[in-house]
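Participant: got a predicted structure plus its sequence, pasted below:
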Amino acid sequence: MMADKTSFVDTTVHLDVKDYYGKTLQKTSDLQSNACVAPVGPLPKCILQALKKVHPDVTDRYYGCGLAVPECLEGCRILDLGCGSGRDCYILSQLVGEAGHVTGVDMTEDQLEVARKHVDFHMKEFGYKKPNVTFVQGYIEALTEAGLEKNSFDIIISNCVVNLSPDKKKVLTEAYNVLKDGGEFFFSDMYSNGRQTEEIKNNKVLWGEGFGGALWYKDLLQLAEEVGFRPPRLVKANVITVDNKEMQAILGDFKFVSATYRLFKVPKGSPKPCKVIYNGNIAGSEDSLHFDCQYTFKADQVVEVDGELAANLTHSRYAQAFTFQPPGDSFESCGVKPKAISGDPFELAAQLQKQSAALATGGCCSTQSATCCK
Ligand SMILES: C[S@@+](CC[C@H](N)C(=O)[O-])C[C@H]1O[C@@H](n2cnc3c(N)ncnc32)[C@H](O)[C@@H]1O
């Protein structure tokens, strides 16, 4: 049974953020910057189709900053940290199917009210006999206190929320605890190119809009490791521009991106590189699976993967979608070896921006370049 209230004590930051998302903002266009709506490229077809079935009252209060929907979802139990009005929960509800389940947790009642009001509408729309979504009032720093069981979720997602928390380590620790072994934390958030000044952190609007609390991306790598996750895998990144002059003046030279990372809860050790073949059986990714900024697996192609990725694939739900070959053994074909790509989201965002500019002018380029290992 899930508790609806916790004994968690609000900090001033929590109260300000609740006020911002509960009262100040009423719709996406009320945001003061483009941070929460920064585009991340075209959405996959299955997500676009699912999005079309989400009620406009829900999508009108979307404040996410990226795509927080991973692949291989059928039958999964998913938790959305800071679900807001529930847009991503209702997309995922369709993708996990009636046998799966999605729990949204948020501290702001006004946001949850919108999400809960439309449960019946969506279940009818999706043709489900009973709801596969639940919305829980609670704090992302206190998930177990909110009644969420340890080791109970296959996947955790989050869309532009971790930056709003005053205690990121607690959030990552709680996420780690409620994930099953082999589970994945797939989340989109805002990151900075350094640690912000006190003036920036103390500005309520800048914190509410995500700039004040955005982690320096190198701090995420460090925190994730401290908590027990394997090194974060960068999936996507997108430049955030600040058009508001007053905000720009306070932010000075700080730069921001929205970025999506995958964090896996898989056993520690010294994983070995290996060769893998993606079998193409993940719905929506039949031809290729974009796993991270370095690896896009084409179906039936032999690919050399680094030890960290090998560990993530073999110990997670993705194992069912791959054939693995230990190093030394050879598949018939040589393995494709992706070019090394820096894990800096600012570099990736700049590269992707260049690419889309090149595509817009009829050019062609790709970060997913690969060379044969021969
Ligand atoms: C930027 S909005 C994103 C909402 C939703 N993910 C979306 O994409 O529309 C941030 C949400 O996180 C919630 N939130 C922020 N800090 C939180 C915390 N510490 N615990 C629980 N919810 C929190 C807010 O109430 C708000 O609904």
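Facilitator: Happy to help now that I have it.
Participant: tell me which residues touch the closest residue to F264 other than its chain neighbours, please.
Facilitator: Distances taken as CB to CB, 6 or more residues apart in numbering place N312 nearest to F264, at 4.4 Å, with adjacent residues excluded. All C-beta spots, glycine's among them, are computed from the backbone N, C-alpha and C. If a contact means CB atoms under 8 Å, 6 or more residues apart in numbering, then N312 has 230, 233, 262, 264, 266, 318 as its contacts.
Participant: list the buried ones in the host helix or strand of N312?
Facilitator: Using DSSP states H and E, N312 sits in helix 307-315. Neighbour counts over helix 307-315 (16 or more other CB atoms under 10 Å) mark 308-315 as buried.
Participant: and those residues near the ligand, which?
Facilitator: Counting by CB under 6 Å from any ligand atom, nothing from these sits close to the ligand.
Participant: so which residues on the protein come close to the ligand?
Facilitator: 14, 17-18, 21, 36, 62-64, 82-84, 87-88, 106-108, 111, 139-141, 159-161, 164-165.
Participant: go through the contacts of N312 and flag which are in helices.
Facilitator: With helices taken from DSSP state H, there is no overlap with those.
Participant: which of these tops the neighbour count?
Facilitator: Using other CB atoms under 10 Å as the neighbour test, the contacts of N312 are led by F264, with 26 neighbours.
Participant: who are the contact partners of that residue?
Facilitator: Contacts of F264 by CB under 8 Å, 6+ apart are 182-185, 229-230, 233, 311-312, 315-316.
Participant: in a markdown table: the residues you listed, plus distance to T361 and pLDDT.
Facilitator: Shown next, in a markdown table, are the contacts of F264 (distance: CB to CB, whole Å; pLDDT from 0 to 100):
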| residue | distance to T361 | pLDDT |
| --- | --- | --- |
| G182 | 44 | 98 |
| G183 | 42 | 98 |
| E184 | 37 | 98 |
| F185 | 37 | 98 |
| F229 | 40 | 97 |
| R230 | 39 | 96 |
| R233 | 31 | 97 |
| A311 | 41 | 95 |
| N312 | 37 | 97 |
| H315 | 43 | 96 |
| S316 | 39 | 98 |
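Participant: which single one of the residues you listed is nearest to F153?
Facilitator: Taking CB to CB as the measure, F153 lies nearest G183 of the contacts of F264, at 6.1 Å.
Participant: verify the contact between that closest one and K265 for me.
Facilitator: Yes - counting by CB atoms under 8 Å, K265 is a contact partner of G183 at 4.9 Å.
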